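Engineer: Pasted the sequence and its predicted model underneath.
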Amino acid sequence: MDEGTLETIRTRLEAPGGPVGEELMKLRAEFPGLRFVVAEAADVIEAPLVSGEGFDLHLIDVRDHCVKMTHRMESAGGVLVAFRKIPSKG
C-alpha cells in the first residue's frame, strides 16, 4: 500500500456517482490485492489515517488470521472505511 493508493480510494469515495456499495465493488476490482472492510465510525476508536467527507480511512494489517489496525503502509493489506454518516450518493 502507498499514499497514492489511499488518496485514490478517498477521492473515489467522495466523487459523485452511484451508491457507495458500487464504488466499493469498483475499488475491490481495481485493487484486487487489498481487503476492504466497512464499519460505522462510532465503532472505531483508533485515529484515522485519512478523512474524507463523511468517512474515515484506516489501514488494516491482514497478514495474520485476525485483522488489526496499523499506521504502517508497508504492513497494510487493506482499508477500513468508517462512515461517520449514512452515505447518500446518486
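Structural biologist: Received, thanks.
Engineer: got the CA coordinates for the least confident helix or strand in the chain by mean pLDDT in CSV?
Structural biologist: Taking mean pLDDT, DSSP states H and E as the measure, the chain has helix 20-30 as its least confident helix or strand, at a mean of 87. Extracted in CSV, the C-alpha atoms of helix 20-30 (Å, rounded to 0.1, in the frame of the first residue of the first chain):
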residue,chain,number,x,y,z
VAL,A,20,-21.2,3.6,-2.1
GLY,A,21,-21.6,-0.1,-2.3
GLU,A,22,-21.0,0.1,-6.1
GLU,A,23,-18.0,2.3,-5.5
LEU,A,24,-16.5,-0.2,-3.1
MET,A,25,-17.1,-3.0,-5.6
LYS,A,26,-15.2,-0.9,-8.2
LEU,A,27,-12.3,-0.3,-5.8
ARG,A,28,-12.1,-4.0,-5.0
ALA,A,29,-11.9,-4.8,-8.7
GLU,A,30,-9.2,-2.1,-9.2
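Engineer: Tell me the helices and strands packed up against it.
Structural biologist: When contacts are defined as 3 or more CB pairs under 8 Å, 6 or more residues apart in numbering; DSSP states H and E, helix 20-30 sits against helix 3-14, strand 35-40. Every residue, glycine included, has its C-beta placed from N, CA and C.
Engineer: cutoff 6 Å now
Structural biologist: With contacts taken as 3 or more CB pairs under 6 Å, 6 or more residues apart in numbering; DSSP states H and E, helix 20-30 sits against helix 3-14.
Engineer: Now do the least confident helix or strand of the chain against helix 3-14: the angle between them, please.
Structural biologist: 150 degrees (axes from the mean of the first three to the mean of the last three CA atoms, to 10 degrees).
Engineer: chain center to helix 20-30: distance?
Structural biologist: 11 Å (CA atoms, centre = their mean, to the nearest Å).
Engineer: relative to strand 35-40, how tilted is that helix?
Structural biologist: Going by the same axes, to 10 degrees, helix 20-30 makes 160 degrees with strand 35-40.
Engineer: By neighbour count, which bits of helix 20-30 are buried? Give me those.
Structural biologist: 20, 23, 24, 27 (16 or more other CB atoms under 10 Å).
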